[in-house]
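> give the three-dimensional model of this entry:
(one chain, ligands or ions: 1)
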Amino acid sequence: MHPALTYIYQLQQEDSALTALKRQLDSLDPATAEKRALTALEQQYQALEVKQHALHADLQDAELKLKSLETKIQQLDKKLYSGSVINSKELSALEQDIEMLKRQRGQLDEQILLGWDEMESLKQQTETNRAHQERASAAYQSQYQRYLQTKSDIEQQAAQHLKKRKALLPHIEEAILQKYETLRGKLGGVAVAKVENDICAMCHTAITAYIKNRLKSDSVFITCESCGRLLYLPSE
Ligand SMILES: [Zn+2]
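Numbering: from 1, shown residues only. You can find the predicted model right below:
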């Protein structure tokens, strides 16, 4: 076995650990579902506010209309009872006008009443939304904090592995490092396979006695016949 393999095997350990940490980091969830739930509530709140404003304006309009209708009715009533209109046709027309205005007033009254009911309901919905928003925000914050903590833990572990990796590099010749990286690229990130109980720990193919002896006696690289990885035989 080539003497550099002891270092290359350690390098492989560090690289595999780094790959696993990278995968862990990539799969971390920055509280996506919680954020989505909170955003939905915030949008609902805004929609409720828009509705409330529109309804408020409608109600103000209706109140103004009601006032002017009442003024008109009062004026016509005054005219009716003032005795200034004597012609029966005119009188009956006046009465009809008053009737019509009173019907309009009735409809408007009802519309305003319904409007206030709806306003009350909108206010309740807004309050409920507020309470839900507070809970959703707390849930998001705590989940996001957990995410940040986990992320920071993983990054710290990765920094330690990178440090160990860096310390190994001066022990490995550039050409050998190249060979290692090329093999890693071709073999799913794992260039070195440990021989354990006479089998390749990566592909589980048996290592012949001849190969095992060569690993012990020859200072060369020997690859697994099956998976093509550099074989590393730990000293017994
Ligand atoms: Zn193998």
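
> now the element after the strand or helix carrying residue 65, going C-ward?
Here residue 65 sits within helix 32-82, counting by DSSP states H and E. Helices and strands here follow DSSP H and E; after helix 32-82, the next one along the chain is helix 88-168.

> so how far is that next one from its chain's centroid?
Distance of helix 88-168 from the chain centroid (CA atoms, centre = their mean, to the nearest Å) equals 20 Å.

> just checking, what packs against that helix?
For helix 88-168, the packing partners by 3 or more CB pairs under 8 Å, 6 or more residues apart in numbering; DSSP states H and E come out as helix 5-26, helix 32-82. Backbone N, C-alpha and C define where each C-beta goes, glycine included.

> residues of the chain that sit close to the ion?
Residues of the chain found near the ion (CB under 5 Å from the ion) are 193, 200, 202, 203, 224, 226, 227.

> what do you get if the cut-off is 8 Å, keeping everything else the same?
193, 200-205, 224-229, 231 (CB under 8 Å from the ion).

> related to what we said a few turns ago, for the helix holding residue 65, packing partners?
Applying 3+ CB pairs under 8 Å, 6+ apart, one finds that helix 32-82 makes contact with helix 88-168.

> before we move on, back to that, could I have the buried ones of the residues of the chain next to the ion as ChimeraX selection syntax?
Command for ChimeraX, covering only those of those found buried under the criterion 16 or more other CB atoms under 10 Å:
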select :193,200,201,202,224,227,229,231
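
> need the residues of the chain next to the ion in JSON lines (columns: pLDDT).
Converted to JSON lines, these look like this (pLDDT from 0 to 100):
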{"residue": "193", "pLDDT": "97"}
{"residue": "200", "pLDDT": "97"}
{"residue": "201", "pLDDT": "97"}
{"residue": "202", "pLDDT": "97"}
{"residue": "203", "pLDDT": "97"}
{"residue": "204", "pLDDT": "98"}
{"residue": "205", "pLDDT": "97"}
{"residue": "224", "pLDDT": "96"}
{"residue": "225", "pLDDT": "95"}
{"residue": "226", "pLDDT": "97"}
{"residue": "227", "pLDDT": "96"}
{"residue": "228", "pLDDT": "96"}
{"residue": "229", "pLDDT": "97"}
{"residue": "231", "pLDDT": "97"}
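
> any chance of CSV for the residues of the chain next to the ion, columns secondary structure?
Output for those, formatted as CSV (DSSP: H, G, I helix; E, B strand; the rest coil):
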residue, secondary structure
193, strand
200, strand
201, coil
202, coil
203, coil
204, coil
205, coil
224, coil
225, coil
226, coil
227, coil
228, coil
229, coil
231, strand
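
> give me whichever of the helices and strands packed on helix 88-168 is most buried.
Ranked by mean neighbour count under mean count of other CB atoms under 10 Å, the helices and strands packed on helix 88-168 are led by helix 5-26, which reaches a mean of 17.

> state the distance from residue 188 to the ion.
12 Å (CB to the ion, to the nearest Å).

> again, but for residue 14
Distance from residue 14 to the ion, counting by CB to the ion: 20 Å.

> again, but for residue 130
From residue 130 to the ion the distance is 62 Å (CB to the ion).

> name the nearest residue to that residue, sequence neighbours excluded.
residue 45 (7.3 Å; CB to CB, 6 or more residues apart in numbering).

> what's the closest non-adjacent residue to residue 136?
residue 38 (4.4 Å).

> if you could redo that for residue 37, that was the one I meant.
Closest to residue 37 by CB to CB, 6+ apart is residue 136, at 5.1 Å.
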